[in-house]
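**Q** can't give you the sequence, but here's the structure:
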């Protein structure tokens, strides 16, 4: 999901933020002596990402999510819903049994924020995501190809990456 107005107009509660009037105001108002206090963050404001994160963090905690100590943008709820924030994007992961709860969370988020549902994740941080009945596969082929082209070494020969075939990846227990 994409939060369309993440950095635009979240309430500023804790800090006092002041600015001079931007270009375009009538000349009589736009003097160096006039400084205004902001009540809401403006897009492009240095503090906007912090204001947005503080706002969404408080809201997710109020919905029963617990913030991960390993990654402050990762949230887990007791019904198995996992939320990952990346800038203004919200990724949700859940098992089929939690589908009803996920719908409720999405509705609640949509009531507070202007959310666009982008559907199933197909890419995240240059990692392509493909899911089917067999599971999920991840690929960085497009990213690697871009890097190889950037350094003009796209005609090199590939080598497989050795990895122990019996390695099993498990979920981390650190959610507190």
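**A** Looks like it came in fine. What you see is a predicted model, and the numbers here were worked out from it, not measured in a lab.
**Q** Phi, psi for the closest residue in space to residue 120 that isn't next to it in sequence please.
**A** Of all residues not flanking residue 120 in the chain, residue 131 sits nearest, at 6.9 Å (CB to CB, 6 or more residues apart in numbering). For the C-beta atoms, the positions are set from N, CA and C on the backbone; glycine is no exception. Phi and psi for residue 131, reported as degrees, to the nearest 10, are phi -120, psi 140.
**Q** Please point out which parts of the one helix or strand residue 107 maps to sit buried.
**A** Assessed by DSSP states H and E, residue 107 sits inside helix 99-112. For helix 99-112, the neighbour count (16 or more other CB atoms under 10 Å) marks 101, 102, 105, 109 as buried.
**Q** Tell me which residues touch the last one, please.
**A** With CB atoms under 8 Å, 6 or more residues apart in numbering as the criterion, the residues that contact residue 109 are 1, 59, 90, 115.
**Q** so when I look at residue 142, I'm seeing a helix, right?
**A** Yes: checked against DSSP: H, G, I helix; E, B strand; the rest coil, residue 142 lies within a helix.
**Q** coming back round to it: which of the buried residues of helix 99-112 sits closest to residue 69?
**A** residue 105 (21.7 Å; CB to CB).
**Q** picking up where we left off before, packing partners of the next helix or strand after the helix holding residue 107?
**A** The C-terminal neighbour of helix 99-112 among helices and strands, as given by DSSP H and E, is strand 115-116. Helices and strands touching strand 115-116, by 3 or more CB pairs under 8 Å, 6 or more residues apart in numbering; DSSP states H and E, are strand 2-3.
**Q** For the strand it packs on, enumerate the helices and strands it packs against.
**A** Strand 2-3 packs on strand 89-93, strand 115-116, going by 3+ CB pairs under 8 Å, 6+ apart.
**Q** can you tell me how far residue 170 sits from residue 61?
**A** Using CB to CB, to the nearest Å, residue 170 is found at 26 Å from residue 61.
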